[in-house]
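Chemist: I'd like to go over a predicted model; first the sequence, then the structure.
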2 protein chains.
Amino acid sequence: MGLVVMKFGGSSVANAEKIKNVARRVIQTRDKGNRVVVVVSAPGDTTDDLITMAEGITPEPDPREMDMLLATGEQISIALLGMAIKDKGCKAISLTGAQVGILTDNTHSNAKVKHIPTDKIRKELKRGNIVIVAGFQGVTENEDITTLGRGGSDLTAVALASVLKADVCEIFTDVMGVYTTDPRVVPEARKLDTISYDEMLEMAGLGAQVMQARSIEVAKKFNIDIHVRSTFSEAEGTFITREVQKMEDVVVRGIASDKNQAKISIIDLPDKPGEAARMFKDLADKHINVDMIIQSSASDGRNDISFTVGHKDLSKTLEVMERIRRELGAKDVIHDSNVAKVSIVGVGMRSHVGVAAKMFSALAREGINIEMISTSEIKISCVIKNTQVDKAVKAIHRVFNLDKKK
Amino acid sequence: MGLVVMKFGGSSVANAEKIKNVARRVIQTRDKGNRVVVVVSAPGDTTDDLITMAEGITPEPDPREMDMLLATGEQISIALLGMAIKDKGCKAISLTGAQVGILTDNTHSNAKVKHIPTDKIRKELKRGNIVIVAGFQGVTENEDITTLGRGGSDLTAVALASVLKADVCEIFTDVMGVYTTDPRVVPEARKLDTISYDEMLEMAGLGAQVMQARSIEVAKKFNIDIHVRSTFSEAEGTFITREVQKMEDVVVRGIASDKNQAKISIIDLPDKPGEAARMFKDLADKHINVDMIIQSSASDGRNDISFTVGHKDLSKTLEVMERIRRELGAKDVIHDSNVAKVSIVGVGMRSHVGVAAKMFSALAREGINIEMISTSEIKISCVIKNTQVDKAVKAIHRVFNLDKKK
């Protein structure tokens, strides 16, 4: 008899039929002899609806009150799921973040979990209850309600799996698992049986939407096996786990692409120490998330710096850069919002040579020009024209034989 | 400097504009030098929407989960009102029933308040905050969320006013106060400046919709002055208070009518001891609320019993009565759903004679037949044909000079 944490996202509890389906899945898992803790997000568009309400009051809602408001979304889900499970004759109890006692700091809208007591949940499990916990929310020492920010319900699930020493944390979603790449782009894309935490972290960071990096970091830290699977199918999905020997035979696990990129270059920047640092500090102060950075040094004491940002930050970035150009006496700031990033990820890269070369040749054969390159131990990213992304992903998928099970 | 509890119902917080208006009213009261505690209901149709959601899951939702669900309605209101007040530059904090610590028994959906600690609210008031409390909800010793049933937000307000020893409890509504009778029926109906707890209790019980009897009972018990007034006007409304000398000059304070009545009669019931008792016990077991009862004894050992119930209970009542008729050997069960109740209320009746006679003559002059009569110390009710109710109310209003300020 095991202990399973099951997490269902907002689209899985968007209406009564879907909630009943979740109830069925949960009872199925319990009927296999498991103790079950369920974590749910707010139903469908509820969170967006609540945000719209708040914006009707003021464009800048007070953060404490915003969390008080948003927390109602998950509370609705746990209540409805509780009814659905009990209606099928099973014992269940719903608990808000505050009722569990999920203690966070007081950074409203993006709180960090500090401590999760397990006594309440263990007591209810011992009574034979399926325990339904509101995702995304916690409570400060002062009993103020907080929310955990993007991907918060995943985080609740992984953190609960950790403190309860669960056997597995199942993340239910509307896809079958983690794929070698986006199946909408490459029909041959293959569902992965396993992926390592590090690979999944890179994939998440690169725009694969299955899980937020933050939850995977927690799972990695506490060594929680995550099973990403479909709400609407019984089939096994993808296990996110520590590296295992078998994994190392695979060089490239998956391909991610991100069309939401813009490239900015500052031209002929006088090459004085500390000026690049100052530039990136100014951008960080404006909460602009800079991704890839390339500096091409020149021999005449001037150089060019290029970097990428998300589309939404482009205009803010150009404002900052124009000011910096004037202050530092650079020649020009140019930008290109028609770029994209394509990346390959795999722990096997560490011990295999020629992976980058193979990727670059594949792109060259398709006539795709690489504008920027960035690498980590288990990842290689290239910036290319965004009109060529799909062609690039297909070519790379083929050259690394990702359609074939290994 | 006083302490004021202000309560706003669902229609007062139904949308962003209305919530901002409530914020303005609250700040106005604070700016007069008062400490302010605000109690709000769920916005507009929110509670109905939540009930519809639950019914989508199951026709009989688990009561604990239903309370978990319904409590989100008031939580939405307090969060939005908190934002609105802070947006106007005032300090405020919203608190759920659980955060205040409103302790109830565990009768879900109709919980009784057992204890309200004041430390949290007093601390926040001392910090200069306007304290916004979710109405209608509490929490059990086991930390389960409960709701207080119909009129629950009024009850929260009155109970808070009591434990905080507030100077006044203001109940904001969409009418200007308590009227001598329904102004939609009698255009001459006059707003009352004051009404006693007992009179208001009778008016509430008789169908005047301003406040639930339950809250008035609490106000009476703890001697809380209630000020019923309009959300949309600065004018003073009606004070519900203890009897004062001046009040006793007034014989009839107001007239209430209730068209939602049906009369049931069981004919030729054998007159054996205990059978009437058994009949009303059977009705009570089915949660049927019996109102007026008249028994006409006959000399031949048989008699007729008539009583009234609300329309919604009629078919259930007839089922019970038909069974009883068979078991007890009565001749017939007849019913009339075209009846209504018209009542006059006033503490002055105690010391004035001829009040009933004056009412009956007024009805007789209009050709209105009285089918049943019931009296209390401060109330006289008559059952008449429901098509004649408006005419009856007008005639009684006139005969007691209720249109004239006394």
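Modeler: Yes, it's here.

Chemist: Wait, a strand at A:Gly89?
Modeler: No. Using DSSP: H, G, I helix; E, B strand; the rest coil, the assignment for A:Gly89 is coil, not a strand.

Chemist: and A:Ile368, that's in a strand?
Modeler: No. Counting by three-state DSSP, A:Ile368 is not part of a strand but coil.

Chemist: With adjacent residues omitted, what lies nearest to it?
Modeler: A:Gln388 (4.8 Å; C-beta to C-beta, 6 or more residues apart in numbering or on different chains). Using the backbone N, CA and C atoms, a C-beta is placed for each residue, glycine as well.

Chemist: who's in contact with the one you found?
Modeler: A:Ala340, A:Glu366, A:Ile368 (C-beta atoms under 8 Å, 6 or more residues apart in numbering or on different chains).

Chemist: and which of those residues is nearest to chain B?
Modeler: Of all these, chain B sits closest to A:Ala340, with 38.9 Å by C-beta to the nearest C-beta.

Chemist: Show me the strands paired with the host helix or strand of that closest one, marking each as parallel or antiparallel.
Modeler: Following DSSP states H and E, one finds A:Ala340 within strand A:332-345. Using DSSP bridges, the strands paired with strand A:332-345 are strand A:254-270 (antiparallel), strand A:379-385 (antiparallel).

Chemist: Make a markdown table out of those strands and add mean pLDDT and mean neighbour count.
Modeler: Listed next are the strands paired with strand A:332-345 as a markdown table, based on pLDDT from 0 to 100; neighbours: other C-beta atoms under 10 Å in any protein chain shown:
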| stretch | mean pLDDT | mean neighbour count |
| --- | --- | --- |
| strand A:254-270 | 90 | 21 |
| strand A:379-385 | 92 | 22 |
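
Chemist: Relative to A:Ser11, which of the ones you listed is closest?
Modeler: strand A:254-270 (21.1 Å; C-beta to C-beta).

Chemist: Run through who's touching stretch A:393-406.
Modeler: Here stretch A:393-406 has contacts from A:180-182, A:185-186, A:188-190, A:249-252, A:254-255, A:257, A:342, A:344, A:358-359, A:361-363, A:365-366, A:368, using C-beta under 8 Å, 6+ apart.

Chemist: now swap in stretch A:330-341 and tell me
Modeler: Counting by C-beta under 8 Å, 6+ apart, A:206-207, A:257-259, A:261-270, A:291-292, A:308, A:311, A:314, A:318, A:321-322, A:324-325, A:371, A:381-389 sit against stretch A:330-341.

Chemist: Residue numbers of the stretch 101-250 of chain A in contact with chain B?
Modeler: Contact residues, the stretch 101-250 of chain A versus chain B (C-beta under 8 Å from any C-beta of the partner chain): A:Glu143.

Chemist: Listing request: residues of chain A with sub-threshold pLDDT.
Modeler: Filtered on pLDDT under 70, chain A yields the residue ranges A:1, A:206-209, A:244-249, A:297-301, A:405-406.

Chemist: Do a quick rundown of the helices in it.
Modeler: Secondary structure of chain A by DSSP state H: the helices cover A:16-31, A:46-57, A:63-87, A:97-100, A:119-126, A:152-163, A:197-205, A:213-222, A:275-285, A:314-328, A:355-365, A:389-399.

Chemist: what's the closest of those to B:Ser12?
Modeler: Closest among these, using C-beta to C-beta: helix A:46-57, at 14.6 Å.

Chemist: what's the angle from that closest one to helix B:63-87?
Modeler: Counting by axes from the mean of the first three to the mean of the last three C-alpha atoms, to 10 degrees, helix A:46-57 lies at 30 degrees to helix B:63-87.

Chemist: still on that earlier bit, JSON lines for the helices of chain A, including mean neighbour count?
Modeler: Below are those laid out as JSON lines (neighbours: other C-beta atoms under 10 Å in any protein chain shown):
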{"stretch": "helix A:16-31", "mean neighbour count": "19"}
{"stretch": "helix A:46-57", "mean neighbour count": "17"}
{"stretch": "helix A:63-87", "mean neighbour count": "27"}
{"stretch": "helix A:97-100", "mean neighbour count": "25"}
{"stretch": "helix A:119-126", "mean neighbour count": "15"}
{"stretch": "helix A:152-163", "mean neighbour count": "26"}
{"stretch": "helix A:197-205", "mean neighbour count": "24"}
{"stretch": "helix A:213-222", "mean neighbour count": "20"}
{"stretch": "helix A:275-285", "mean neighbour count": "15"}
{"stretch": "helix A:314-328", "mean neighbour count": "15"}
{"stretch": "helix A:355-365", "mean neighbour count": "16"}
{"stretch": "helix A:389-399", "mean neighbour count": "20"}
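
Chemist: In CSV, list those along with distance to B:Gly2.
Modeler: Listed next are these as CSV, based on distance: least, C-beta to C-beta, whole Å:
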stretch, distance to B:Gly2
helix A:16-31, 48
helix A:46-57, 28
helix A:63-87, 26
helix A:97-100, 33
helix A:119-126, 41
helix A:152-163, 42
helix A:197-205, 56
helix A:213-222, 49
helix A:275-285, 47
helix A:314-328, 49
helix A:355-365, 75
helix A:389-399, 67
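
Chemist: Find the closest residue to chain B in the stretch 101-250 of chain A.
Modeler: Closest point on the stretch 101-250 of chain A to chain B, by C-beta to the nearest C-beta, is A:Glu143, at 5.7 Å.

Chemist: and that residue, how many neighbours does it have?
Modeler: 13 (other C-beta atoms under 10 Å in any protein chain shown).

Chemist: ok now do it, which residues does it touch?
Modeler: Per C-beta under 8 Å, 6+ apart, neighbours of A:Glu143: A:Ala98, B:Gln99.

Chemist: I'd like to know how many residues surround whichever residue of the stretch 251-400 of chain A sits closest to chain B.
Modeler: Nearest to chain B, among the residues of the stretch 251-400 of chain A, is A:His287, at 22.4 Å (C-beta to the nearest C-beta). A count of neighbours around A:His287, defined by other C-beta under 10 Å, yields 8.

Chemist: and it, how far is that from A:Thr58?
Modeler: Note on A:His287: its distance to A:Thr58, by C-beta to C-beta, to the nearest Å, is 21 Å.

Chemist: And A:Val251, by the same measure?
Modeler: The gap separating A:Val251 from A:Thr58 is 53 Å, by C-beta to C-beta.

Chemist: Could you do A:Asn34 as well?
Modeler: A:Asn34 is 46 Å from A:Thr58, by C-beta to C-beta.

Chemist: any idea how far the residue nearest the centre of chain A is from B:Ile264?
Modeler: Nearest residue to the geometric centre of chain A (C-alpha atoms, centre = their mean): A:Gln212, 1.9 Å. In this view, A:Gln212 and B:Ile264 are 64 Å apart by C-beta to C-beta.

Chemist: do the same with A:Ala364
Modeler: Counting by C-beta to C-beta - A:Ala364 and B:Ile264 are separated by 92 Å.

Chemist: can you check A:Ala256 too?
Modeler: The separation that A:Ala256 has from B:Ile264, given C-beta to C-beta, amounts to 74 Å.

Chemist: do A:Ser215 as well
Modeler: For A:Ser215, the distance to B:Ile264 - C-beta to C-beta - is 63 Å.
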